[in-house]
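Visitor: can't give you the sequence, but here's the structure:
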């Protein structure tokens, strides 16, 4: 071993980069386990950046001619010079680690980032959807997920409550690339390449998870589940790990010379004190395997939601319900108000009671689900009940829908009695207190990936195909066990694909009024079959007509937009209703916010202190670190400081006094960013900030705060 160490030292003296590579490989070999999972840790992947402008000093590949479907030159070149020729801009290239040179049109080049390179990430907003008021934003980031994960170590280190990922299953059917080449089924290193790819990302993901209480959920099929289990065990030695079998297709998927596959697997990695909560959800179905025992929702809000839930749609459904302030019991109700009158014009409620009107939190006059005659019948039968008053003094009133009433009357749902207010107490009611611990086999109709994955996705983005999307309700159920009691949880999916995880988080928020936020990371890779067709048309990565077919722009982003707005990309209302735990029209959408970003790779050569573009690219990272809420400070403040909804920025330490004074009256601002190279002044300002506020130091050369290198 000592001889090898000496040779590495000699190699470093002659070629520093080669010596470093040899040392890294030597360390990897010497750290191999005697027992456990050993695999080749292949040269880290390189990612092509089709939208990145070509700069001198860049590493590039030469693309094949337009119209060709052949593979391009796999070698890496360095851009030595950029100039002009009669045909347009050209670049003089030097082959890396060789003396060969050539001059090619700039349009025939694509920038390549190797994982050993230092990267300076930035984010550029590409759109947003705002329907959630002051709720935090869900974010969708288009970029290489390893580099995005590295950037998130600045914004979310130790802050993520749950990670749900559905990585490529490595079927050999062109479902993932390694170093820009699809891994074929007969590749001898297919499994070790997959493991190397996964290990790099899991090691970074570990830094993002809250070590005290968080969970990592990874779904997989039989191709890699054994290796994945060993990899998780080695990567998270301090965690408790459990595997669950989820039936995703009860009819089965045929396998050549093998049994028909009906399920896939999900690994749950429990960090710290994390454990599945007992919730009113049964993971094994009844004998016919068709219903969710105890999983369906029984009581629904009496106030009507959505665009049709306004008073003008039914004036007969706008009337007061009188609730006793002491007991919380309904004492009676009043007559509907004429359309020209409002609650302040109505008679006073009975003594000791509050008049509850169908008015939204935003003060919009709405309507109940029914008129007074129907209300009286359901109230007397026990089909109306009142919950506990909320912090803002609102009384939640719920009712049982007609379909459930029929099941009660036929005896399918048993009545155990009535509560003090006369409302029915039902067997298997999910809103009744006792929950259930999940089992390790999940067999539910709701988890069918065909009906509630592929077909459901078609409803949101018609005529757009995505291979094997997850059942929305399977993802929702998996997350519910771990974030039900965390209304402000942060959830990450860095293989987000069609955006199912973000969609599931929105569903969970609606069910309990939570403010959870999801970070979805995906690239804009075009499907293999589509690539061939586009290349034959003379298109390349980076062309607008090519990029619009990528996963992020064609699937993920429009799916998240459609889920929030309730409209397809063509502006049509989404047809159908959500099922199971919370049933309502998909066209209602969600009261949520989302912003979409593309990862950029900044050049340190072009960045100087005071560069407005440099700040605008890192500004979203500060916003993410502060909680992805409210306005983003996109420009350097002319007065030297600025305070936004969720954070403050001190750009000139000489303006510290007014900055600190402004923060004293803003308890909702948790973070203050202070730009200075002077540690003494930073500490002095930090000590004077309001108690509990986090002080984060930024160096004056902004990009130096956000540079990342590969840890291998």
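Guide: Received the coordinates, thanks. The model shown is predicted, which means the values in this text are computed figures rather than measured ones. Residues are numbered from 1 along each chain as shown.

Visitor: Now do the helix ranked longest in the chain: which elements does it pack against?
Guide: For the chain, the helix with the greatest residue count under DSSP state H is helix 190-208. Applying 3 or more C-beta pairs under 8 Å, 6 or more residues apart in numbering; DSSP states H and E, one finds that helix 190-208 makes contact with helix 145-155, strand 177-178, helix 225-235. All C-beta atoms are positioned from the backbone trio N, CA, C, and that covers glycine.

Visitor: weakest of the ones you listed in terms of mean pLDDT?
Guide: When mean pLDDT is averaged over each of those, strand 177-178 scores lowest at a mean of 74.

Visitor: Show me the strands paired with whichever helix or strand comes after it, marking each as parallel or antiparallel.
Guide: Following strand 177-178 in sequence order, the next helix or strand is strand 181-182 (DSSP states H and E). Partners of strand 181-182 in the sheet, by DSSP bridges, are strand 177-178 (antiparallel).

Visitor: Over to stretch 687-696 now: how far is its first residue from its last?
Guide: Counting by C-alpha to C-alpha, to the nearest Å, you get 12 Å between the two ends of stretch 687-696.

Visitor: Let me see the mean pLDDT of the helix or strand encompassing residue 681.
Guide: Assigned by DSSP H and E, residue 681 belongs to helix 679-687. Per-residue pLDDT over helix 679-687 has a mean of 95.

Visitor: after that helix, next one along is what?
Guide: Following helix 679-687 toward the C-terminus (DSSP H and E): strand 694-698.

Visitor: Report the rounded mean pLDDT for that following strand.
Guide: Averaging pLDDT along strand 694-698 yields 94.

Visitor: which helices and strands does that strand pack with?
Guide: On a contact count with 3+ C-beta pairs under 8 Å, 6+ apart, strand 694-698 meets strand 671-675, helix 679-687.

Visitor: Could you look over the ones you listed and pick the most buried one?
Guide: strand 671-675 (a mean of 21; mean count of other C-beta atoms under 10 Å).

Visitor: still on that earlier bit, distance to residue 442 added to the helices and strands packed on strand 694-698, as a markdown table?
Guide: Shown next, in a markdown table, are the helices and strands packed on strand 694-698 (distance: least, C-beta to C-beta, whole Å):
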| stretch | distance to residue 442 |
| --- | --- |
| strand 671-675 | 39 |
| helix 679-687 | 48 |
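
Visitor: hang on, the earlier thing: please identify which of the helices and strands packed on helix 190-208 is closest to residue 326.
Guide: Smallest distance to residue 326 across the helices and strands packed on helix 190-208 (C-beta to C-beta): 47.9 Å, for helix 145-155.

Visitor: That closest one to helix 190-208, inter-axis angle?
Guide: Counting by axes from the mean of the first three to the mean of the last three C-alpha atoms, to 10 degrees, helix 145-155 lies at 10 degrees to helix 190-208.

Visitor: Distance from the helix or strand following helix 145-155 to the middle of the chain?
Guide: Counting by DSSP H and E, the element after helix 145-155 in chain order, helix or strand, is strand 162-165. Between the centre of strand 162-165 and the centre of its host chain there is 8 Å, according to C-alpha atoms, centre = their mean, to the nearest Å.

Visitor: Same question for stretch 209-216.
Guide: That offset, for stretch 209-216, works out to 16 Å (C-alpha atoms, centre = their mean).

Visitor: Give me the buried stretch members for it, please.
Guide: By 16 or more other C-beta atoms under 10 Å, the buried positions in stretch 209-216 come out as 209, 210, 214, 215, 216.

Visitor: Could you list the low-pLDDT ranges of the stretch 151-300 of the chain?
Guide: 172-173, 256, 280-282, 284-296 (pLDDT under 70).

Visitor: What is the neighbour count of the residue nearest to residue 153 when sequence neighbours are not counted?
Guide: Nearest-residue entry for residue 153: residue 207, 5.4 Å, with adjacent residues in sequence omitted and distances by C-beta to C-beta, 6 or more residues apart in numbering. Using other C-beta atoms under 10 Å, residue 207 is surrounded by 16 other residues.

Visitor: Same question for residue 307.
Guide: 12.

Visitor: thinking again about what came up before, looking at the buried residues of stretch 209-216, which is nearest residue 553?
Guide: Using C-beta to C-beta, the buried residues of stretch 209-216 come closest to residue 553 at residue 216, 27.9 Å.

Visitor: how much does the helix or strand the closest one falls within deviate in direction from helix 225-235?
Guide: Element membership of residue 216 [criterion: DSSP H and E] is strand 213-220. Interaxial angle, strand 213-220 versus helix 225-235 (the same axes, to 10 degrees): 150 degrees.

Visitor: Strand 213-220 pairs with which strands, parallel or anti?
Guide: Strand 213-220 is paired, per DSSP bridges, with strand 162-165 (parallel), strand 263-272 (antiparallel).

Visitor: Surely residue 137 touches residue 516?
Guide: No: in this structure residue 137 lies outside contact range of residue 516 using C-beta atoms under 8 Å: 11.6 Å.

Visitor: what comes into contact with stretch 220-233?
Guide: 36-37, 39, 167, 169-171, 191, 194-195, 198-199, 202, 216, 218, 239, 241, 243, 261, 264-267, 269 (C-beta atoms under 8 Å, 6 or more residues apart in numbering).

Visitor: Mark out where each domain of this structure begins and ends.
Guide: Listed domain ranges for the chain are 46-114, 121-296+435-597, 299-426, 608-706 (source: automatic domain parsing).

Visitor: hey, which of these is tucked in deepest?
Guide: Ranked by mean neighbours (mean count of other C-beta under 10 Å), the domains of the chain are led by domain 121-296+435-597, with a mean of 19.

Visitor: On the pLDDT front, check residue 98 for me.
Guide: 84.

Visitor: for residue 129, same thing?
Guide: We note a pLDDT of 97 for residue 129 in this prediction.

Visitor: element containing it, please.
Guide: strand 121-130.

Visitor: quick check: angle from that strand to helix 145-155?
Guide: Using the same axes, to 10 degrees: strand 121-130 against helix 145-155 is 80 degrees.

Visitor: Any stretches of the stretch 351-500 of the chain with poor pLDDT?
Guide: Under the criterion pLDDT under 70, the flagged ranges of the stretch 351-500 of the chain are 391, 427-436.

Visitor: who does the strand holding residue 129 pair up with?
Guide: strand 593-601 (antiparallel).

Visitor: which strands and helices sit next to whichever helix or strand comes after the partner strand?
Guide: Sequence order places helix 612-625 as the next helix or strand after strand 593-601, per DSSP H and E. Secondary-structure packing of helix 612-625 (3+ C-beta pairs under 8 Å, 6+ apart): strand 121-130, helix 145-155, strand 647-650.

Visitor: which one of the domains of the chain lies closest to residue 20?
Guide: Residue 20 lies closest to domain 46-114 among these, at 12.9 Å (C-beta to C-beta).
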